[in-house]
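J.: structure of the sequence below:
(chains A, B and C)
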Amino acid sequence: MKAIVPAALAASLAGTAFAQSNVTVFGVVDLAVTRGSGSISNQTGLTSGQLAASRLAFKGTEDLGNGLKAGFWLEAGINADTGTGQSTNTNNQTTGFVKNGGFTFNRRSHLSLGGNWGEIRLGRDFVPQYWNIAHYDPLDLSGVGTSQVLNSSIGGPTLVRASNSISYLYGHGFNAAAIGYGPGGFSGSGFQFQAMGYLGENPSGSATSKDGNGYGLRALYSTGNFTVSGATGRTRYAAGDTRQSNVGASYNLGVVELMGMYEWDRNGPLKARGWLAGGRVPVGVGSIRVAYSRYDSDAAGSPTAKKWAVGYVHPLSKRTALYTTFAHVSNDGPSASALNGAVTAPGKSSNGFDLGIKHSF
Amino acid sequence: MKAIVPAALAASLAGTAFAQSNVTVFGVVDLAVTRGSGSISNQTGLTSGQLAASRLAFKGTEDLGNGLKAGFWLEAGINADTGTGQSTNTNNQTTGFVKNGGFTFNRRSHLSLGGNWGEIRLGRDFVPQYWNIAHYDPLDLSGVGTSQVLNSSIGGPTLVRASNSISYLYGHGFNAAAIGYGPGGFSGSGFQFQAMGYLGENPSGSATSKDGNGYGLRALYSTGNFTVSGATGRTRYAAGDTRQSNVGASYNLGVVELMGMYEWDRNGPLKARGWLAGGRVPVGVGSIRVAYSRYDSDAAGSPTAKKWAVGYVHPLSKRTALYTTFAHVSNDGPSASALNGAVTAPGKSSNGFDLGIKHSF
Amino acid sequence: MKAIVPAALAASLAGTAFAQSNVTVFGVVDLAVTRGSGSISNQTGLTSGQLAASRLAFKGTEDLGNGLKAGFWLEAGINADTGTGQSTNTNNQTTGFVKNGGFTFNRRSHLSLGGNWGEIRLGRDFVPQYWNIAHYDPLDLSGVGTSQVLNSSIGGPTLVRASNSISYLYGHGFNAAAIGYGPGGFSGSGFQFQAMGYLGENPSGSATSKDGNGYGLRALYSTGNFTVSGATGRTRYAAGDTRQSNVGASYNLGVVELMGMYEWDRNGPLKARGWLAGGRVPVGVGSIRVAYSRYDSDAAGSPTAKKWAVGYVHPLSKRTALYTTFAHVSNDGPSASALNGAVTAPGKSSNGFDLGIKHSF
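T.: I've put the predicted structure just below:
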């Protein structure tokens, strides 16, 4: 008769019994010489992640049979210029930021179960309402060219990601980054959908019990050359909910890929709106990227920021690319957006550029 | 004549010369929807590690010839719901907790040298006196069902692990998790033993020079279906030593695996005691787990906590399982134990449940 | 017609598309029983990295064709006795230290592009002016035997490493640790060179705008048995620049490998100097290491520290070694250097020893 105790015990010590690895270690190291100038001060630096966020990540999938799969994804942002890790947020509220320089799986930390019917995903992940800002920015929402719709946003703690979340994703590759993305995530034409709910995990019985609770929805349709997507999300706070809605579209004409998006935001009584229009032009193996973005809110003095950005990416391989970007932001009213560490006075402008290398592994 | 300088220099830059990896990357991502209710407040959340602690770990072994082996183990606890790391302790004292959200190898960080004669292990590891609380809890000492012997313990900073430790382990698989555990750790019948000493690393010449110094001992005997184990440990503090002793046994009848343990604790002049009785019943591919645990101390008002827990684990594969647990804790005197983030008044009870997925990689 | 949008989007999500790993996971776990005694207090401990720093690292290289290569290196120091990570510095200034116990890539975090013409390296790395202190210390600049030229140094925040750096390296193995080091880094005879510039990243327009900006240069020549190297570096601070220059040489006579170095330091108006002489003697498979080092500054009272160190390293394999070291440091004037956690009064001496195991993976 076999020993059942050890088997039972071993089951509780999960992970130790598997000699061969089920893990893919991957990531990005991206470093650039950066310069920003403003009316008050300038800054020169070596900066991490100006084309794609530097990161170290671990992921894997398991085929469970009967069309069912399990998967996990642990992704840590790193500042490769200094070796530090990045901030995460534990409760989707301003009290929850953890920023001490240590390595955290701030970018993604999730577990999935899925099949042909879609994917259930639990953990920390990007909110659905974030993706249209990212996907429809020709400059990859990175570096000095980052869309002003993100940089000036009034979106609050769940603008980009949420912890304690549960998502349902339909029509994308299992355990892939997000709908509209990644291997198998966007093959030709089709419909994709994500719905997410997330929790602030506050105790019941107080005015702020529901702070940090929220949801996001996103749908995307693609014909291959043409995509259109809409998203909306809302996070509850006793001081006033944050709400974010946007639409985006892209059309690939071959000689140029055009894209644009529009955003409506609320943060309590405050309203704001922004948009981006731009495109990418293939030039030999490389790509020229141009965008104009703008964001303005109803706050006192009607702060408005407007940005022009132009960049060029030159791939040395599928994994490695050289890039450069130039951007100019101008401000109206009390807005004081500035680039690459520069400081500029309200209503003044700022210039910046990046010159860097991105390497994926 | 060959260049000796480079070789000598290379020896000091250990690790860089080995192109093929000697490392197994492994871990667990475990996430559950959790709910706790108490007399003061309730909480709903998405929580990490309710069946097995979420973790990312790196380990390896090397055959040195002549029956000698070397091995290492670096294991970091992670909160997969938020991407944060977990606290460790540098000196086995209350002053030594490092809890800032960054990733640390808080769970294990050790180096081993061993052979047929046993294993010498240096670094941070679980203390021997912890294991009988864990091994004889049918609910794997995890989640809402965790034995009250752990949850109410007066055990102090070295209740679970110690830093700056040296252990001798006999009769278990080399570089395995612990005696009575893991691959090769418990094959059929036999005798296993662990002795550990650990240091608080205080300077000499003060009243607290020996704070955090301690030891633990554990012996286990198994016939395959029957196991019995005893352990004791003590950690020195000028304010009063902590002491922990326990015994446990399990008997596998096939249709049910019964288990139980008893614990005696001291923290300075304070005494406490606890016990658990429970079992696991195989149901198809799954397992029903039931436990009653109780802990009471001699503190003013005789605080006592009593818990019923029942759970079901449904494996989808060797690596992935669905699970659910329900627990009820009742309190006497000033005891105010509550479950899953709920808060309850002294003497009142609390309920909680988990519904989750565990995935090992 | 193929879908270009997904490809463009995929390019921005670098890393997710590569199923096979391009990463080598490697590191060191090194733990020793340590003891230090001084005139005020003694300390006994279990200490990490007394022969080689304990670390966990990730690296990889990519062949880009046409003789061009890309590579990355992310290396985190760990305290294996407690599971904590180590401090890094974000701005090469005393304000930039990040020391909270979390895991950071404090040791190295860099990206490289190179060919026969050399290597361009961006990120965080050792400064060139550090290496002659390390390479010409027979005790590997580790543990209780560490050269006093490092231990007493007035070198400031960029004594060992710099963040935000760009280097050019010539004549060493691509993406290897440093010139004069590692696989292919020192094959027989030849000339090697490194020049580094680094940035403090302060805003313009203030007195401290250039704080943390600096550079380092190092050249090394080897005939195989004989090496000679010189380095210099300077970091700017409004309070006074730090400057560091040194020369070193080694000669391998077969029965003994002799080495020595001399160092000149400045920190604002303060000057200091140090030197080391020592060697390694092969004994069977092992190696005896002996060094005398000394450091003194012009500070009030002329603080001077002098150290004798002798050690023995016994390899069990290429990856694993036992070692022991004994050291004695004596102080003159206000110098109060002490070993392994001991505390000694100014002008008094201190003794220490290490007994440990180093395991590379």
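
J.: check whatever residue of the stretch 51-200 of chain A ends up closest to chain B and give its pLDDT.
T.: Taking CB to the nearest CB, chain B has its nearest neighbour within the stretch 51-200 of chain A at residue A:102, 1.8 Å off. Quick note: C-beta positions are derived from backbone N, CA and C, even for glycine. Listed pLDDT for residue A:102 reads 89.

J.: over to residue A:12?
T.: Predicted confidence (pLDDT) for residue A:12: 35.

J.: any idea how far residue A:286 is from residue A:315?
T.: 7 Å (CB to CB, to the nearest Å).

J.: again, but for residue A:83
T.: Counting by CB to CB - residue A:83 and residue A:286 are separated by 30 Å.

J.: more neighbours, those two?
T.: Of the pair residue A:83 and residue A:286, residue A:83 is the one with more neighbours under other CB atoms under 10 Å in any protein chain shown, namely 33 against 15.

J.: so residue A:218 sits right up against residue A:134, yeah?
T.: No: using CB atoms under 8 Å, residue A:218 is not in contact with residue A:134; the gap is 11.5 Å.

J.: number of residues surrounding residue A:87?
T.: That count, for residue A:87 with other CB under 10 Å as the rule, works out to 17.

J.: let me fix that, I meant to ask about residue A:288.
T.: Counted with other CB under 10 Å, the neighbours of residue A:288 add up to 15.

J.: quick one, phi psi at it?
T.: Backbone geometry at residue A:288, expressed as degrees, to the nearest 10, gives phi -90, psi 140.

J.: nearest residue to it other than its sequence neighbours?
T.: What sits nearest to residue A:288 in space, not counting adjacent residues and going by CB to CB, 6 or more residues apart in numbering or on different chains, is residue A:281, at 4.6 Å.

J.: okay, the one you found and residue A:133: tell me how far apart.
T.: For residue A:281, the distance to residue A:133 - CB to CB - is 22 Å.

J.: residue A:282 now?
T.: 24 Å.

J.: which of these two has more neighbours?
T.: residue A:133 (26 against 14).

J.: mind telling me what element that one is part of?
T.: Secondary-structure element containing residue A:133, defined by DSSP states H and E: helix A:131-135.

J.: which element follows that helix toward the C-terminus?
T.: That would be, after helix A:131-135 and using DSSP H and E, helix A:148-151.

J.: how long is stretch A:138-151 end to end?
T.: When the termini of stretch A:138-151 are compared using CA to CA, to the nearest Å, they are 15 Å apart.

J.: what about that stretch and chain C, touching?
T.: Yes: using CB under 8 Å from any CB of the partner chain, stretch A:138-151 reaches chain C at A:140-142.

J.: which of the residues in that stretch are buried?
T.: By 16 or more other CB atoms under 10 Å in any protein chain shown, the buried positions in stretch A:138-151 come out as A:138-151.

J.: quick check: residues of the stretch 201-350 of chain A near chain C?
T.: Counting by CB under 8 Å from any CB, the stretch 201-350 of chain A comes close to chain C at A:222, A:224-225, A:227, A:250, A:252, A:254, A:257, A:280, A:287, A:313, A:316-321, A:341-343.

J.: make a PyMOL selection of the buried ones in the residues you listed.
T.: Remark: buried members of those, expressed as a PyMOL selection using 16+ other CB under 10 Å:
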select buried, chain A and resi 222+224+225+227+250+252+257+280+287+313+316+319+320+321+341+342+343
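
J.: list the ones among the residues of the stretch 201-350 of chain A next to chain C that fall in strands.
T.: If you go by DSSP state E, these have A:222, A:227, A:250, A:252, A:257, A:280, A:287, A:313, A:320-321 in strands.

J.: burial count for the residue nearest to residue A:302 when sequence neighbours are not counted?
T.: Take residue A:302 and drop its neighbours on the chain: the residue closest to it by CB to CB, 6+ apart is residue A:333, 4.8 Å away. Residues lying near residue A:333 (other CB under 10 Å) number 16.

J.: OK, contacts around residue A:333?
T.: Residue A:333 is in contact with A:301-304, A:346-347, counting by CB atoms under 8 Å, 6 or more residues apart in numbering or on different chains.

J.: try 10 Å this time
T.: By CB atoms under 10 Å, 6 or more residues apart in numbering or on different chains, the contact list for residue A:333 reads A:296-297, A:299-305, A:346-347.

J.: and for residue A:219?
T.: A:128, A:170-171, A:179, A:191-195, A:228-232.

J.: filter these down to the buried ones.
T.: Among the contacts of residue A:219, the ones that count as buried by 16+ other CB under 10 Å are A:128, A:170-171, A:179, A:192-195, A:229-232.

J.: among those, which are in strands?
T.: Judged by DSSP E, the subset of those located in strands is A:170, A:192-195, A:229-232.

J.: now those in TSV, please, with extra columns for distance to chain B and pLDDT.
T.: Formatted as TSV, these follow (distance: CB to the nearest CB, whole Å; pLDDT from 0 to 100):
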residue	distance to chain B	pLDDT
A:170	19	93
A:192	23	91
A:193	21	93
A:194	17	95
A:195	15	97
A:229	26	95
A:230	26	97
A:231	22	97
A:232	22	98
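
J.: avg pLDDT for stretch A:351-361?
T.: 97.

J.: quick check, it touching chain C?
T.: Yes: for stretch A:351-361 and chain C, the contact criterion (CB under 10 Å from any CB of the partner chain) is met by A:356-361.

J.: so which of the residues you listed are in strands?
T.: Per DSSP E, strands hold the following members of the residues of stretch A:351-361 next to chain C: A:356-360.
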